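# What follows is a predicted structure for the sequence shown.
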Amino acid sequence: MSDTAPASPETPAPKGGVDCRVVLEQLWEFLDEELAPERVAAIRTHLELCAKCYPDYDFEKAFLQAVSECQYTRCASHKLRDKVMSALKRAGFTPAPVQSA
Amino acid sequence: MAPTTAEQRELSQRDYDVSFEREALPWLDDVYRFALSLTRNEADADDVVQETYLRAYRSWHTFERGSDARRWLFTICRNAFLRTRERARHQVELEEGDVEVAAALAPEPLISRDGTERLLSRLDLAPALSNAIDQLQEPFRSAVVLVDVEDQSYEAASEILGVPIGTVRSRLFRGRRLLQQKLVTYARDAGFATAPAPSTTPNHSRDPVGHE
């Protein structure tokens, strides 16, 4: 699969050297910081120049941000913490003494 | 005076416990969230978390100092989960091949920005997204939770789940698309009638007109 579209008199060179199709295909990997630095730079340049792709980037970025934050309110209960601590103590664990103020 | 063998042993045990408390215990909430994503049941998640920490404590001497304790705990957590399921004689591991084939063949829903972009700014998405993640099927849920909620890299998720990176990627992307699809349904239920119907158009071909 070719990553870039060939430049010709009829078709302008792809922005950033990478075409929209590839940018959209790799948008999540770009946002996840899973791409090679050269590809990151190319996609970043493309996004700065391409009015069509930028909204997609903006949307996916906001979506991933929302997903990353949605479950952080879920915490282990005090009951579970006590249960884990009791089990560890039975296994030989000794917690550090609580420092008094 | 040089410490006696008993004193050395006590010191060593104290170091062992102190480092475990400092490096492993702070990740209890993270391990709980991951366990919950695997079990989808709070009581079962509690059991898996307890088992995870017991195993981690007993194996703490094998933990490589300076490496990622959370990643190490997630791996133990997944193994503990699989073990409890084996014990209960439940079939938990989906047929990997079938699932991957199903994921590959399943149509990619189109989530058009025209309808969903407003959701991100106008609705409190946290409860809807949290609920949607709970409803995601395995193996997509654990990939989404590890990478998107717990901020693990593809490589770390690959190690934790015991699958190749390409499999993590396909599960993650499919899971994200399913989440977006669920958001569209949520939007309709919440009265955002303009949300578009999911389409079978592949993601990369959306809005091809006007793109290079």
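Perfect, I can see it now.

# Run through the residues that contact residue 70.
I went with chain A, as the question did not name one. For A:C70, the contact set (C-beta atoms under 8 Å, 6 or more residues apart in numbering or on different chains) comprises B:125-127, B:129-130, B:133, B:149. (C-beta placed from N, C-alpha, C; glycine too.)

# actually it's chain B I care about, not the one you picked
B:27, B:30-31, B:150.

# and A:P9, what pLDDT?
Per-residue pLDDT puts A:P9 at 51.

# same question, B:Y32
pLDDT at B:Y32 comes out at 96.

# go on, B:G66?
For B:G66, the predicted pLDDT is 88.

# For it, the count of nearby residues, please.
By other C-beta atoms under 10 Å in any protein chain shown, the residues close to B:G66 number 7.

# try the one 10 residues further on
Residue crowding around B:I76 was assessed by other C-beta under 10 Å; the count is 22.

# for the one 10 residues further on, same thing?
Residue neighbour count, defined by other C-beta under 10 Å, stands at 12 for B:E86.

# coming back round to it: chain A next: which of the contacts of A:C70 are close?
Among these, the residues within reach of chain A (C-beta under 8 Å from any C-beta of the partner chain) are B:125-127, B:129-130, B:133, B:149.

# How many residues are close by the spatially closest residue to B:L125 that is not a sequence neighbour?
Leaving out its chain neighbours, the residue that sits closest to B:L125 by C-beta to C-beta, 6 or more residues apart in numbering or on different chains is A:A66, at 4.8 Å. Neighbour count for A:A66, taken as other C-beta under 10 Å: 20.

# now do B:D134
For B:D134, using other C-beta under 10 Å, the count is 12.

# domain ranges for chain B?
Dividing chain B into domains by automatic domain parsing, as the record does, gives the ranges B:5-87, B:96-205.

# Distance to A:C53 added to the ones you listed, as TSV?
TSV is the format used below for the domains of chain B (distance: least, C-beta to C-beta, whole Å):
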stretch	distance to A:C53
domain B:5-87	32
domain B:96-205	11
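
# residue closest to the middle of chain A?
A:D32 (2.9 Å; C-alpha atoms, centre = their mean).

# in the helix or strand where B:I160 lies, what counts as buried?
In this structure, B:I160 sits in helix B:154-161 according to DSSP states H and E. By neighbour count on 16 or more other C-beta atoms under 10 Å in any protein chain shown, the buried set for helix B:154-161 is B:154, B:156-161.

# Same question for stretch B:136-146.
For stretch B:136-146, by 16+ other C-beta under 10 Å, it's B:136, B:138-146.

# do the same with stretch A:69-81
So stretch A:69-81, judged by 16+ other C-beta under 10 Å, has buried residues A:70-71, A:74, A:76, A:80-81.

# hang on, the earlier thing: can you tell me which of the contacts of B:R70 has the most neighbours?
These, ranked by neighbours (other C-beta under 10 Å): first place B:V31, 26 neighbours.

# Can you name every helix or strand that the strand or helix carrying it contacts?
Applying DSSP H and E as the criterion places B:V31 in helix B:28-39. Judged by 3 or more C-beta pairs under 8 Å, 6 or more residues apart in numbering or on different chains; DSSP states H and E, the packing partners of helix B:28-39 are helix A:78-90, helix B:42-58, helix B:69-87, helix B:140-144.

# how about low-confidence regions in chain B?
Counting by pLDDT under 70, chain B contains low-confidence ranges at B:1-11, B:88-124, B:190-212.

# for it, what's the longest helix?
helix B:165-189 (DSSP state H).

# Report whether that one contacts chain A.
Yes: using C-beta under 8 Å from any C-beta, helix B:165-189 reaches chain A at B:169, B:172-173, B:176, B:179-180.

# could I get those as CSV with distance to A:Y57?
What follows is the residues of helix B:165-189 next to chain A, written out as CSV (distance: C-beta to C-beta, whole Å):
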residue, distance to A:Y57
B:R169, 19
B:L172, 18
B:F173, 16
B:R176, 15
B:L179, 18
B:Q180, 15
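
# Phi first, then psi, for the residue nearest to the centre of chain A.
Taking degrees, to the nearest 10, you get phi -80, psi 0 for the backbone angles of A:D32.

# how close does it sit to B:L172?
8 Å (C-beta to C-beta, to the nearest Å).

# between those two, what contacts are shared?
B:147, B:154.

# tally of neighbours for B:D15?
10.

# Secondary structure element holding it?
Using DSSP H and E, B:D15 falls in helix B:5-23.

# need the contact list for the closest residue to B:R55 other than its chain neighbours.
In space, and not counting its chain neighbours, B:R55 is closest to B:I76: 5.2 Å by C-beta to C-beta, 6+ apart. B:I76 is in contact with B:52, B:55-56, B:59, counting by C-beta under 8 Å, 6+ apart.

# Could you check the angle whichever helix in chain A runs longest makes with helix B:165-189?
The longest helix of chain A (DSSP H) is helix A:54-70. With axes from the mean of the first three to the mean of the last three C-alpha atoms, to 10 degrees as the basis, helix A:54-70 and helix B:165-189 are set at 90 degrees to each other.
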